[in-house]
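Chemist: below are the sequence and a predicted model; questions follow.
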Amino acid sequence: MSRGIGLYDMHTVFVYGTLKRGFRLHQNMKDARFLGQGILSGYRMHRITWYPAILPDADFQVFGELFQVNGSTLDILDDVEDRGILYERVVERIGLIPHGNQVGLNDAGDGEAGADKASIKKHLADAEARHGQTSDLKYSDSKSVNSDRSPGLGSNSMHQSGALEEIQAFVYVYLHPLEEGLISSGIFEE
């Protein structure tokens, strides 16, 4: 049973480590719909044994994947992430990487190949129409993420200039201070 969130309500989640397609905990996202890849600015990534964690830091970015999940899957993710003990679920703005400019994140798995911003907007609008209410997680055309600080992307000009459109999504942020194991590229690889 869903704890405080409707079983059939749809939510957008940004994952950056072991929940991504092709990684060991992705099976917990069996009912999730892959939306595309994104960039979370203002966070740095650390490796904690076999899994990553992120903490706020204005000088870094984290790359990951966006998924649409129902309330039941969100509850499962809360359990997997030890919400309230190791991680907290927060709402953040994620810069959408256009399908033609997807970075080299893990492409294994059973998700769709990618989604452009129009299909993400349509999916969110359809979900709101089905439930007769407005979601608190919205697609935004008016805000942008400064993507000038993209460590490790080399000559990828799309990320070195201009701005990305944003979507709000739930993100799991580590609750404890970290100094070691910094992954400066912001891309988790097993």
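Modeler: Right, received. Where do you want to start?
Chemist: what's opposite the closest residue to Ile97 other than its chain neighbours in the beta bridge?
Modeler: Using C-beta to C-beta, 6 or more residues apart in numbering and skipping the chain neighbours, the partner closest in space to Ile97 is Gln37 (4.5 Å). (Glycine included, C-beta is placed from N, CA and C.) In this structure, Gln37 bridges to Glu65 when assessed by DSSP bridges.
Chemist: so Gln37 makes contact with Val62?
Modeler: No. With contact defined as C-beta atoms under 8 Å, Gln37 does not count as touching Val62 (11.4 Å).
Chemist: count the neighbours of Lys16 for me.
Modeler: Rather than Lys, residue 16 is Tyr. 25 (other C-beta atoms under 10 Å).
Chemist: quick one: it and Leu66 touch, right?
Modeler: No. Here Tyr16 lies out of contact with Leu66, judged by C-beta under 8 Å, at a distance of 10.5 Å.
Chemist: mind picking out the helix or strand in the chain with the poorest mean pLDDT?
Modeler: Across the helices and strands of the chain, mean confidence by mean pLDDT, DSSP states H and E is lowest for helix 157-160: a mean of 29.
Chemist: that older thread, count the neighbours of the residue nearest to Ile97 for me.
Modeler: For Gln37, the count of nearby residues is 25 (other C-beta under 10 Å).
Chemist: please apply the same query to Ile54.
Modeler: Using other C-beta under 10 Å, Ile54 has 26 other residues around it.
Chemist: quick check: which element contains it?
Modeler: Taking DSSP states H and E as the definition, Ile54 sits inside strand 51-70.
Chemist: buried residues, that strand. List them.
Modeler: Going by neighbour count (16 or more other C-beta atoms under 10 Å), the buried part of strand 51-70 is 51-55, 60-70.
Chemist: stretch 88-98 too?
Modeler: So, applying 16+ other C-beta under 10 Å, buried residues of stretch 88-98: Arg89, Glu92, Arg93, Ile94, Gly95, Leu96, Ile97.
Chemist: let me see the contact set for Lys177.
Modeler: Quick fix: residue 177 is Pro, not Lys. Applying C-beta atoms under 8 Å, 6 or more residues apart in numbering, we find Pro177 in contact with Leu55.
Chemist: got phi/psi on it?
Modeler: Main-chain dihedrals, Pro177, degrees, to the nearest 10: phi -70, psi 150.
Chemist: repeat for Tyr43
Modeler: Per degrees, to the nearest 10, the backbone of Tyr43 is at phi -140, psi 150.
Chemist: isn't it up against Gln61?
Modeler: Yes. With contacts counted by C-beta under 8 Å, Tyr43 reaches Gln61, the gap being 7.3 Å.
Chemist: what residues are shared contacts of those two?
Modeler: By C-beta under 8 Å, 6+ apart, no residue touches both Tyr43 and Gln61.
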